[in-house]
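> below are the sequence and a predicted model for it; my questions follow.
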Amino acid sequence: MPHVEPGMRIGLFGGSFNPPHEGHRLVAEIAIRRLRLDQLWWIVTPGNPLKDVTSLPPLADRIAWSERMNPDPRVKVTAFEALHEVRYTADTLALVRRYNPARRFVWIMGADNLAGFHRWQKWRDIALTFPIAVVDRPGSTLAYLSSKMAKTFDYARVDESDAALLPTLPAPAWTFLHGPRSPVSSTAIRNGTEKLFKKA
Ligand SMILES: Nc1ncnc2c1ncn2[C@@H]1O[C@H](COP(=O)(O)OP(=O)(O)OP(=O)(O)O)[C@@H](O)[C@H]1O
Ligand SMILES: O=C(O)c1ccc[n+]([C@@H]2O[C@H](COP(=O)([O-])O)[C@@H](O)[C@H]2O)c1
């Protein structure tokens, strides 16, 4: 787990990163700027518990690709979940809090994950552990109105004009960040690559 100094504001951005792409980089950039983060941990998962991971490339490859696309020293690519043998986000956040009891963390995810957040293990506990910032994504913009998480935690919603306060607020607290959006997805990149392979 990366080192944290007292008072630092840290974003936790988990993903499969299979492969990492411009959309991820945009999320990181928006989160760092709007939440005024000192660091963003780009957490490469050993495998999303809700996805078929049989054809997931090795963790070492996804780490190397992620490092290559992140020259910003504030972005710390890490895979501590694998080392600690956790993959559910509720466990990840509990671990982060245990190691850094007095620090300020925010969980960051794209709007597509807000739509299905209520299917994550212990999703209410996640929302009660750290504040959450959701970054808009084409196709999922309305998740901030319709998702079960948005409705359940409507009372804890923070206006995005106050997003910079989020790391200092006790959970539950969450916001939805509108702004520049990227239509890129790892699936589209993988499919494009497959097509190229087929042509060759
Ligand atoms: N273009 C994007 N805009 C906003 N958020 C994104 C974008 N792409 C990915 N994310 C977010 O980044 C995190 C990691 O995503 P992930 O690695 O699964 O990429 P993906 O493109 O969604 O992959 P796949 O197509 O394989 O599902 C998730 O929280 C996801 O919502
Ligand atoms: O904890 C869960 O039940 C859970 C379910 C789905 C996704 N996640 C986490 O959400 C993050 C984004 O996953 P992905 O595959 O959309 O990149 C990643 O850190 C996953 O471990 C976590």
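Structure's in. What do you need? Ligands and ions are numbered 1, 2, ... in the order given.

> helix, strand or coil: sort out Asp52 for me.
Under DSSP: H, G, I helix; E, B strand; the rest coil, Asp52 falls in the coil class.

> which parts of the chain are helices?
22-34, 59-68, 80-83, 89-99, 111-115, 123-129, 143-146, 148-152, 186-199 (DSSP state H).

> helices and strands around the fifth one, which ones?
Using 3 or more Cβ pairs under 8 Å, 6 or more residues apart in numbering; DSSP states H and E as the contact criterion, the elements in contact with helix 111-115 are strand 132-135, helix 143-146. For glycine as for every other residue, the C-beta is placed from the backbone atoms N, C-alpha and C.

> which of these sits most buried?
Compared across the helices and strands packed on helix 111-115, strand 132-135 shows the largest average neighbour count, a mean of 27 (mean count of other Cβ atoms under 10 Å).

> now the helices of the chain in CSV, with distance to Thr168 and mean pLDDT?
Formatted as CSV, the helices of the chain follow (distance: least, Cβ to Cβ, whole Å; pLDDT from 0 to 100):
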stretch, distance to Thr168, mean pLDDT
helix 22-34, 14, 97
helix 59-68, 28, 97
helix 80-83, 24, 96
helix 89-99, 16, 97
helix 111-115, 22, 96
helix 123-129, 15, 98
helix 143-146, 22, 83
helix 148-152, 21, 96
helix 186-199, 33, 68
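
> in JSON lines: those, plus distance to Trp41.
Below are the helices of the chain laid out as JSON lines (distance: least, Cβ to Cβ, whole Å):
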{"stretch": "helix 22-34", "distance to Trp41": "10"}
{"stretch": "helix 59-68", "distance to Trp41": "11"}
{"stretch": "helix 80-83", "distance to Trp41": "8"}
{"stretch": "helix 89-99", "distance to Trp41": "8"}
{"stretch": "helix 111-115", "distance to Trp41": "16"}
{"stretch": "helix 123-129", "distance to Trp41": "15"}
{"stretch": "helix 143-146", "distance to Trp41": "23"}
{"stretch": "helix 148-152", "distance to Trp41": "22"}
{"stretch": "helix 186-199", "distance to Trp41": "19"}
